[in-house]
Every structure is written in structure tokens, then in C-alpha cells.
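Student: Turn this into a model:
(one chain, ligands or ions: 2)
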Amino acid sequence: MRVLGIESSCDETGVALYCLQDGLLAHRLHSQIALHAAYGGVVPELASRDHIQRLLPLVREVLADAGLTRSDLDGVAYTAGPGLVGALMVGAAAGRALAWALDIPAVGVHHLEAHLLAPLLEGGPLTTPFVALLVSGGHSMLIEVTELGSYRLLGDTLDDAAGEAFDKTAKLLGLPYPGGAALAALATHGQATHSFSRPLTDRPGLDFSFSGLKTQVALAVQRQQPLDDAARANVARSFEDAVTETLAIKCRRAMQQTGAGLLVVAGGVGANRHLRERLAADADSGGWQLRFPRPDFCTDNGAMVALAGALRLAAGGRQDLAIDVRPRWDLSELAPMHFAHPPAFACAA
Ligand code: KG4
Ligand code: ZN
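Tutor: Numbers count the residues shown, from 1 in each chain. Ligands and ions are numbered 1, 2, ... in the order given. As a prediction, this is how the structure comes out:
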């Protein structure tokens, strides 16, 4: 089954082709970072308009890359939420219309389900039950996955998401939007000279709170004005250490609480090298498996949507002719995936 996947929930237009038998056939991504950089954040109306311009050329390119034509498609998957409503509408309208014209099924995909299944793009099946840490620009969540499609929220952010905290801290350090990766690069030149707090780690529970950390950074920056390059790198390193350690402490707690044997890390912040190293060391000492998507499939992309959509279609998921998007959508509302023929690459219990 060959499925075209479309991602347009925020500021990346991603298109990919995924085949249940042969894996990822092609993928392309257009990032709107340059478009929004001057505004210091995503401008929703500009995002929607750019998705309109980029989407169909990307679909043509992906088909050409795979040496296929539209008539070779067996299904279309698009991100139906959560995300920016206008941006979602572009992908949903194009995807639904294409499927209707080709007389093939369409399915609306949950963006976070796509993120947490992204490790399946490479490597073997995900053994359930597992715990997923989802850390992106909009979310910081710990989720228990009892079977594919069945998600229980263990912890959530009370304020800023981890990626948002990276981006806001980067801005305080004068780095261009979106600063997460730039901050991480700067941190490699610094020392952890500031003892920023590890929020909510001193009490039970699996929720996160990162907005106080950003305030601590703002105060540290104010106190040290003018900030030279070495001092900026030290603040970046101290901040990255604080976020990494906080996430690691909560992951360890979630693994102990659930007794799961696998931790999956996904979302843009999952591309952070320091976090990956720290979680790998913890997995070694804690005796659990660890899976990440490769770094460019941690951030938003069409490949993860095509893969999640292919699985949803294989499990009988279908979108009717309505073009529905859900800017807010709770992951726990999804139905478990039950397969007539479970794809061996995806599930192992
Ligand atoms: O998953 P994603 O592409 O989009 C959302 O669904 O939000 O995540 C984007 C977020 C941004 O906040 C970005 O700064 C952050 O992921 N990010 C990073 C790194 N690469 C991307 N944060 C820390 N270290 C990185 N290497
Ligand atoms: Zn995302």
C-alpha cells in the first residue's frame, strides 16, 4: 500500500510517500523559517499562504523522486491536527481533494501520533507497552503507549513547552528564530556556570514547567550585561543542562512508574544531541531500550505523516468526504489500531 503523506500543521510543508511493504519511498520538505524570521515567530496567515504555494509542487517532486505517478497511490494521509487552523486546512483540503479525484481513501492524522511513530521509519518494531517523551515547539508530554493508537497521558507541560523554552531563551541570547538548534550549537562552546533550577523535579508527578527557567535566564543575562560570547555560551550550556536533566529525571520516573521496557523520544527537541546522550546513558543504567527518529525526522516532516497514515489506513481508518481539521485534539481520543494483518515492521508485544 503506497500512501502520500502531507504535513502542514505549522511552518513546514512536508510531503512523502510511504509504502507498507517497502518503507519510505521519497520525502521532501520546505521550511518557512526564512519567511517568519523577521517576525520572531510563526505568522499564521503567512504560513497558510506559503503552504498553498508549496504543496502541489512538492507532491509532484515526491512522485517524480519515487518514479511513480498519482495513479500508483493507494491512499492519502494529511495532518488533521493539532496545529494552526489555516495551515491545517491547506493540507487537509489538498489531501482530501486528491484522494477524492483518484478514488482512493484518505485519512486525517494526529500530528503527535505521527511524531511518536517516527522511529518506525528506520529500525525494527516498537515493542508495546512503551513510554514516549514528546518534546516539540508546542508540546512537552510523557505518554504511555499500551498498543499502537492507544495513548495515556502521564505528564504534560503546565506552561511553556520544551521547544518554546529553547526558542525564547535563544531569543534572550540574541539568536535568530527558531533558536533551539542554534542555542544547542552555542552551548557546545560553554560551561555550566549557572545553577538554573530543574523545575518540578523536587516533588512527585510527571508534569513539566519551563517558563520559570526562561525568567532565570533573563535575570542572569540582565546581571551580566554586556554579555560577551563566552558568557552567552555559558548561559546556553547551563540552560540546556537544566532542561536536559529535568526531562531525563521525569523520563526515569515514568519508566519506573510504568515498568515499560522502551522509551521513545520524538519531536523537534528530540534532535538535541545533549539530550540524546543523556537519555542513552540513563537507558543503559536503567536497563531499558531507547529509540529516536533520526534528527531530521524529529522535527516536522511529511514522512512521519505518511507512515502514521499508512498504519491508520491499514487498520481501517477512513475520512469521509468532509474536510475536517482539529486545531486542538487530545491524543487520548484516538482509537487503538487493530489490524487484520499486523504489519511486522510496526508492532511487537
Ligand atoms: O516538532 P517540531 O519541528 O515542531 C512542532 O511540532 O512544534 O519542533 C520544533 C521545536 C522548536 O522549538 C525548535 O527550536 C526545537 O524543536 N528544536 C530543538 C533542536 N532542534 C529543534 N531544540 C533543542 N535542540 C535542538 N537541536
Ligand atoms: Zn511537530
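Student: Residue numbers of the stretch 1-150 of the chain in contact with ligand 1?
Tutor: Proximity of the stretch 1-150 of the chain to ligand 1 (C-beta under 6 Å from any ligand atom) is limited to residues 10, 136-138. C-beta coordinates here come from the backbone N, C-alpha and C atoms, glycine included.
Student: can you do 5 Å?
Tutor: 136-138 (C-beta under 5 Å from any ligand atom).
Student: got those as a markdown table, with neighbour count columns?
Tutor: Converted to a markdown table, those look like this (neighbours: other C-beta atoms under 10 Å):
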| residue | neighbour count |
| --- | --- |
| S136 | 24 |
| G137 | 23 |
| G138 | 20 |
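Student: closest to D284 among these?
Tutor: Of all those, the one sitting nearest D284 is S136; the distance, using C-beta to C-beta, is 25.5 Å.
Student: what separates the closest one from ligand 2, distance-wise?
Tutor: Distance of S136 to ligand 2, given as C-beta to the ion, to the nearest Å: 4 Å.
Student: for the closest residue to that residue other than its chain neighbours, what are its contacts?
Tutor: Leaving aside its chain neighbours, S136 sits nearest to G267 (3.4 Å; criterion: C-beta to C-beta, 6 or more residues apart in numbering). Counting by C-beta atoms under 8 Å, 6 or more residues apart in numbering, G267 makes contact with 115, 133-136, 139, 163, 298-299.
Student: mind putting those in JSON lines, pLDDT included?
Tutor: Listed next are the contacts of G267 as JSON lines, based on pLDDT from 0 to 100:
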{"residue": "H115", "pLDDT": "97"}
{"residue": "L133", "pLDDT": "98"}
{"residue": "L134", "pLDDT": "98"}
{"residue": "V135", "pLDDT": "98"}
{"residue": "S136", "pLDDT": "95"}
{"residue": "H139", "pLDDT": "94"}
{"residue": "G163", "pLDDT": "96"}
{"residue": "C298", "pLDDT": "97"}
{"residue": "T299", "pLDDT": "96"}
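Student: sec struct for V15, please.
Tutor: strand (DSSP: H, G, I helix; E, B strand; the rest coil).
Student: Settle this for me: it is touching A64, isn't it.
Tutor: No. In this structure V15 lies outside contact range of A64 using C-beta atoms under 8 Å: 11.6 Å.
Student: So the two - more neighbours on which side?
Tutor: V15 (33 against 12; other C-beta atoms under 10 Å).
Student: residue contacts, that one?
Tutor: Per C-beta under 8 Å, 6+ apart, neighbours of V15: 4-7, 27-29, 55, 58-59, 61-62, 302.
Student: downstream neighbour of the host helix or strand of V62 in the secondary structure list?
Tutor: Using DSSP states H and E, V62 sits within helix 44-66. Beyond helix 44-66 in the direction of the C-terminus, DSSP H and E gives the next helix or strand as strand 75-81.
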